[in-house]
Structures are given as structure tokens and as C-alpha cells.
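Q: sequence unknown, structure follows:
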């Protein structure tokens with residue numbers, strides 16, 4: 001049996017982990033880049049990963065919140 005609360009928790013944690021991996025990828029790209037184009041891409045990836053870490057789990061939790069009675 002699959003528990004919906006467990007699956008939702010895994011989705012929230014998975015989104016945080018995906019954001020952290022994306023941020024690490026952006027930092028590696030930023031560190032290895034020699035020209036301006038890849039550096040800007042690395043900065044964009046890091047900023048979008050930070051936004052993902054901050055926004056997506058909160059919006060999922062708000063979406064799945066039990067409605068007040």
C-alpha cells in the first residue's frame with residue numbers, strides 16, 4: 001500500500017535534492033568556464049536552483065495542505 005503522505009513527502013524532499021544538485025552543477029560550470037557565455041549560464045543555473053529550493057517545496061506543501069474545517 002502506498003501512503004499519500006509518504007509520497008508527498010518524498011516529492012518535496014526530491015524537489016529539494018534536485019535543486020541542490022542543479023546548484024552544484026551550476027557552481028561547477030561557473031568554476032570551469034573561461035568565457036562569459038558559460039559563466040552567465042552557470043549563474044543562471046545557480047539562481048534558478050536556489051529559487052527552486054525556496055519556492056517549489058513550499059508551494060507543494062501549500063497545495064497539499066489539509067483544508068480547515
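A: Perfect, I can see it now. Because the structure is predicted, anything quoted here is derived from the model rather than measured. Numbers count the residues shown, from 1 in each chain.
Q: any weak-confidence spans in this protein?
A: For the chain, the stretches with pLDDT under 70 are 1.
Q: which residues in it form helices?
A: Per DSSP state H, the chain carries helices over the ranges 4-32, 36-63.
Q: Save those as TSV, and put in distance to residue 69 and mean neighbour count too.
A: No exception for glycine: its C-beta is placed from N, CA and C like everyone else's. TSV is the format used below for the helices of the chain (distance: least, CB to CB, whole Å; neighbours: other CB atoms under 10 Å):
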stretch	distance to residue 69	mean neighbour count
helix 4-32	18	14
helix 36-63	18	14
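Q: ok, now which ones touch the residue nearest in space to the middle of the chain?
A: Nearest to the mean C-alpha position of the chain, counting by CA atoms, centre = their mean, stands residue 19 at 2.7 Å. Residue 19 makes contact with 49, 50, 52, 53, 56, according to CB atoms under 8 Å, 6 or more residues apart in numbering.
Q: Great, nothing more from me.
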